[in-house]
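**Student:** sequence and predicted structure below; questions after.
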Amino acid sequence: MQNKNKTVVKSMELLDLFRTNRKLSLNEMVHLSGIPKTSVHRMVGSLEAMGFLNKDAEGKYTLGMLFLEFGQLVAERLDMKQIAYPIMKELRDNIGEAVNLTLKENQEAIYVEKLDTTHPVRLFTKIGRRSPLYTGACSRIILAYLPEKEQEEYLNVTELIPYGIGTITDKDTLRSVLRQSRQDGYTVSYSELENHTSSVAAPIFDHTGRVVGGISVAGPDVRFQKEQLPTLIAQVKTAAATISQKLGHSSPLRT
């Protein structure tokens, strides 16, 4: 407790009770915290006056709207590139392949960060490059996790133009791939944006649970054969889940 204000610490202990309790009476807070009733009464009064707690007609307390405001500020000020970079570096160092980070911007995916492969043969992906949501693993994984209505609206107005020999240009096939990707928590592409290249991608979610981007490993298709895929998939999903957690997402995907 050295160098800590005891009242502030105990007030935080009271607020921490609301992590697992939606509503609490004064007596319940006393019982759960072990703090004397007079102290709880004094601190709760101050927390209520500052907007950290609200008191309902039954005399029970809930977290105040001020937390929603603070939470929104925290979410808005998170820098995904800064959060993702060390996780991307660890992924690249572990598997040796190029790692890309994409974000959804309007009806496209934009590459906002990349780390090159350690292999002499590599792909060239420029930061700032844009791609349609329907093609390439790191773009399509975003489309796979959009709300169903939004996804269908996109498909209805989008012409599926081929970029590579593997680009999916049939909408029913694409819908099937999107459903499977959402079920699996990842997607794999072969020659969709560029011929003879492959990519494995997983989705990134924000604090609201909405998909905001994707992370992928990419390289020549000769290095993405069937025997390599399980390791690549597991590590990409783990990286995506870690970034999502750091963005405030509480239910990362299974890895």
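**Tutor:** Received the coordinates, thanks. Nothing here was measured: the structure is a model prediction, and the numbers come from that model. Numbers count the residues shown, from 1 in each chain.
**Student:** now Gly214: phi and psi?
**Tutor:** Its backbone dihedrals place Gly214 at phi -150, psi 160, with angles given as degrees, to the nearest 10.
**Student:** same deal with Met65?
**Tutor:** Dihedral angles (degrees, to the nearest 10) for Met65: phi -60, psi -20.
**Student:** what residues does the helix or strand encompassing Thr231 touch?
**Tutor:** With elements delineated by DSSP states H and E, Thr231 resides in helix 229-246, which encompasses its position. The list of residues contacting helix 229-246 from outside it, by C-beta atoms under 8 Å, 6 or more residues apart in numbering, reads 78, 80, 83-84, 87-88, 90-91, 94-95, 97, 99, 185-186, 188, 200-206, 214-217, 224, 252-255. From N, CA and C alone the C-beta is placed, and that goes for glycine too.
**Student:** again with stretch 25-37
**Tutor:** Residues outside stretch 25-37 that contact it (C-beta under 8 Å, 6+ apart) are 10, 13-14, 17, 21, 24, 40-41, 43-44, 59-61.
**Student:** ok, those residues vs Asn106, which is closest?
**Tutor:** For the contacts of stretch 25-37, the residue nearest Asn106 by C-beta to C-beta is Asn21; the value is 41.1 Å.
**Student:** just so I have it, where are all the strands in the stretch 101-250 of the chain?
**Tutor:** Read by DSSP state E, counting those that start in this stretch, the stretch 101-250 of the chain holds these strands, from start to end of the chain: 108-115, 130-132, 187-190, 197-205, 211-220.
**Student:** buried ones in the helix holding Thr231, by neighbour count?
**Tutor:** Using 16 or more other C-beta atoms under 10 Å as the burial criterion, the residues of helix 229-246 that qualify are 232-233, 235-244, 246.
**Student:** for Asp56, give me its contacts.
**Tutor:** 23, 62.
**Student:** returning to that earlier point: between the contacts of stretch 25-37, which is nearest Leu53?
**Tutor:** Looking across the contacts of stretch 25-37 and measuring by C-beta to C-beta, the closest to Leu53 is Tyr61, at 4.8 Å.
**Student:** not counting its neighbours along the chain, what's nearest that closest one?
**Tutor:** If the residues on either side of it in the chain are set aside, Tyr61 comes closest to Leu53, at 4.8 Å by C-beta to C-beta, 6 or more residues apart in numbering.
**Student:** now that neighbour, which residues is it bridged with?
**Tutor:** Leu63 (DSSP bridges).
**Student:** what number of residues lie near it?
**Tutor:** Counted with other C-beta atoms under 10 Å, the burial measure for Leu53 works out to 23 neighbours.
**Student:** my understanding was that it contacts Gly45; is that so?
**Tutor:** No. The pair Leu53 and Gly45 does not pass the contact test of C-beta atoms under 8 Å, sitting 9.2 Å apart.
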